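**Q** Whatever this is, show me its structure:
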Amino acid sequence: MNIRQVTIEDLDRLIEIENLSFTKEEAATEVAFVNRIRMIPDSFFVAEDNGEIVGFVNGPVMERDYITDDLFSETKENPKTGGVQSILGLAVHPMHRKKGIATALLTHLETDAKSKNRKAVTLTCLERLIPFYEKHGYVNNGISQSEHGGEVWYNMTKIL
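**A** Below is the predicted model of the structure:
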């Protein structure tokens, strides 16, 4: 498996994986993906297996500790150093799950964030995913104010 920075050529496969991994209400739009690829390629990584994209992780760097819903539609360039690395999306194609790909992507993003002196990684997840993130050192900080996709989300944070 190879993990690399995203390119615009990856767009169609990313949208396919996103739509297989999230509900229509939760899934990022094509416009959101294009904006993230253009604005924050330095915190948008894809995992490849034999040249095929099998998963991805992405999110902007921000000043605040928790994700707010505006981040799903508004993308700004990341600062070179500092801040808090967010994760707006971590997804693996259903045919490639349970192979450690999500863990590898998470670890890659954390390592990259640490090298840029980010103070933490923050994300929101559904209740069923809390154990996965806790296993990787994230702390559950309770229910998020996010109403993205009409779901109840939990704030998860890992200090770097």
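**Q** Residue 46 and residue 137, how far apart?
**A** 23 Å (C-beta to C-beta, to the nearest Å). Heads up, the C-betas are built off the backbone N, CA and C, glycines and all.
**Q** can you pull out the helices in this structure?
**A** Along the chain, the segments classed as helices by DSSP state H run 11-21, 30-39, 101-115, 130-135.
**Q** Residues in contact with the third one: which ones?
**A** In other words, helix 101-115. Residues outside helix 101-115 that contact it (C-beta atoms under 8 Å, 6 or more residues apart in numbering): 1, 3, 42-43, 45, 47, 49, 54-57, 59, 61, 85, 87, 90, 92, 121, 132, 136, 158, 160.
**Q** Pull out the buried residues from those residues.
**A** 3, 43, 45, 47, 54-57, 59, 61, 85, 87, 90, 92, 121, 158, 160 (16 or more other C-beta atoms under 10 Å).
**Q** which residue ranges form the strands in this protein?
**A** 2-5, 44-49, 52-58, 61-62, 84-87, 89-92, 120-125, 139-143, 154-159 (DSSP state E).
**Q** List the pairing partners of the fourth one within its sheet, with orientation.
**A** Strand pairing for strand 61-62, using DSSP bridges, gives strand 84-87 (antiparallel).
**Q** got the contact list for the partner strand?
**A** By C-beta under 8 Å, 6+ apart, strand 84-87 touches 43, 57-65, 67, 71, 106, 109-110, 113, 118-123.
**Q** Now which of these would you call buried?
**A** The buried subset of the contacts of strand 84-87 - by 16+ other C-beta under 10 Å - is 43, 57-62, 67, 71, 106, 109-110, 113, 118, 120-123.
**Q** pull the CA atoms of stretch 131-146 into CSV?
**A** Only the C-alpha atoms of stretch 131-146 are listed here, as CSV (Å, rounded to 0.1, in the frame of the first residue of the first chain):
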residue,chain,number,x,y,z
PRO,A,131,-14.3,2.6,19.9
PHE,A,132,-12.2,2.7,16.6
TYR,A,133,-10.9,6.2,17.4
GLU,A,134,-10.4,5.5,21.1
LYS,A,135,-8.2,2.5,20.1
HIS,A,136,-6.0,5.0,18.2
GLY,A,137,-5.6,7.4,21.2
TYR,A,138,-8.5,9.8,20.6
VAL,A,139,-10.6,11.1,23.5
ASN,A,140,-14.3,11.4,23.3
ASN,A,141,-15.2,14.9,24.2
GLY,A,142,-19.0,14.4,24.1
ILE,A,143,-21.7,15.3,21.6
SER,A,144,-20.7,17.9,18.9
GLN,A,145,-22.7,21.0,18.0
SER,A,146,-22.4,19.8,14.4
